[in-house]
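*Asks:* got a predicted structure plus its sequence, pasted below:
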Amino acid sequence: MFADSHCHLDYSSYRAFLESHNEKYPEDYYASAKIIERAEQANVDKFVTIGTHLSDVEQITKLTEKFPNVFRTIGIYPDYAKEHLQKFSQNELREKFKKVCSHPKTVAIGEIGLDYHITTEEISEQKQIFRLQLGFAEEFGLPVSIHTREAWQDTLDILDEFPKIRAVIHCFSGEADFTERLLQTNYYIGVGGTITFKKNTELQKSVKRIPLNRLLLETDAPFLAPVPYRGKINEPAFMIETAKKIAILKGVSLDELDFQTTQNFFNLFSKAM
Ligand SMILES: [Zn+2]
């Protein structure tokens, strides 16, 4: 049974996505219980649902309490850096993280990092909140799930300041020089549906070079659905398409890929054991 190392199962993520789609679904089609049921039928039975904002915490806690195989992270996404810095002092943020991190189902801090794609004007706030959360991760003994977009050099430079940190680089984009540098670290590398896109040959080439014991599977659901569902609302049940593609690229069986990536999942998210 496969493990989805990065998804957004909370209803607000799905609601936002549903609103931007014209497709019609039965009312409870994207209820968490239904999403999880379809995933289990597709051999995906462990999930890390990701936080991006402190206002997520309550909803995500409910999810993890309801489903034994759903784990969660807490984190402030780069887009929300300024907002959180204006609203809370560093000490208040530390207290909030401390409380959530002590919860048995909180397996990591994330997704955190840098994103220069949408906004470039708040880079200093992004870096500040990123460093702050990396410090919390070290202090509270949790790994981190990293979001980096058009900012991998700065992201890895900041990670270097925290030599004890354990991390997964989520939604790996696959640039050759980025891959080269990642191979010199011991971070896990999360690969999602974009690997199935026909034109994404750079990522496919890079994944061939990454050892199996460094790979994690993910969906980033409801975003980035793999082929043949591209453009649709993603869900963990679709992860098998990503797994099939990676198994071909690595020249291993699906069983072997499952075994190794599940082991990687528990190595990184040790509280999920
Ligand atoms: Zn995500």
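*Replies:* Yep, that arrived. All of these numbers come straight from a predicted model, not from anything done at the bench. Residues are numbered from 1 along each chain as shown.

*Asks:* any low-confidence regions in the chain?
*Replies:* Across the chain, the stretches falling below the confidence threshold (pLDDT under 70) are 119-120.

*Asks:* so what's the gap between stretch 167-179 and the chain middle?
*Replies:* 12 Å (C-alpha atoms, centre = their mean, to the nearest Å).

*Asks:* please apply the same query to stretch 247-259.
*Replies:* Taking the mean C-alpha point of stretch 247-259 and that of its whole chain, the gap between them comes to 21 Å (C-alpha atoms, centre = their mean).

*Asks:* list the contacts of Pro78.
*Replies:* Applying C-beta atoms under 8 Å, 6 or more residues apart in numbering, one finds that Pro78 lies in contact with 112-115, 122, 126, 129-130, 147. In short, each C-beta sits where N, CA and C put it, glycine included.

*Asks:* just the ones of those in strands?
*Replies:* Among the contacts of Pro78, the residues falling in strands (DSSP state E) are 112-115, 147.

*Asks:* need those residues in CSV (columns: distance to Ser173 and neighbour count).
*Replies:* Putting the ones in strands among the contacts of Pro78 into CSV (distance: C-beta to C-beta, whole Å; neighbours: other C-beta atoms under 10 Å) gives the following:
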residue, distance to Ser173, neighbour count
Ile112, 17, 32
Gly113, 12, 28
Leu114, 13, 25
Asp115, 12, 20
His147, 11, 25
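
*Asks:* now, which of these sits nearest Phe47?
*Replies:* Closest to Phe47 out of these is His147 (17.8 Å), distances taken as C-beta to C-beta.

*Asks:* list the contacts for that closest one?
*Replies:* Neighbouring residues of His147 by C-beta under 8 Å, 6+ apart: 77-78, 110-115, 170-171.

*Asks:* now distance to Leu63 too, for the residues you listed, in a markdown table please.
*Replies:* Output for the contacts of His147, formatted as a markdown table (distance: C-beta to C-beta, whole Å):
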| residue | distance to Leu63 |
| --- | --- |
| Tyr77 | 18 |
| Pro78 | 23 |
| Gly110 | 16 |
| Glu111 | 16 |
| Ile112 | 20 |
| Gly113 | 23 |
| Leu114 | 27 |
| Asp115 | 25 |
| His170 | 19 |
| Cys171 | 21 |
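
*Asks:* what's the closest of those residues to Asp258?
*Replies:* Distances from the contacts of His147 to Asp258 were compared by C-beta to C-beta; the smallest belongs to His170, at 19.5 Å.

*Asks:* which ones are touching that closest one?
*Replies:* The contact partners of His170, by C-beta under 8 Å, 6+ apart, come to 5-6, 110-111, 145-147, 190, 192, 218, 220.

*Asks:* mind telling me the two of the residues you listed farthest from one another?
*Replies:* Gly110 and Gly192 (14.4 Å).
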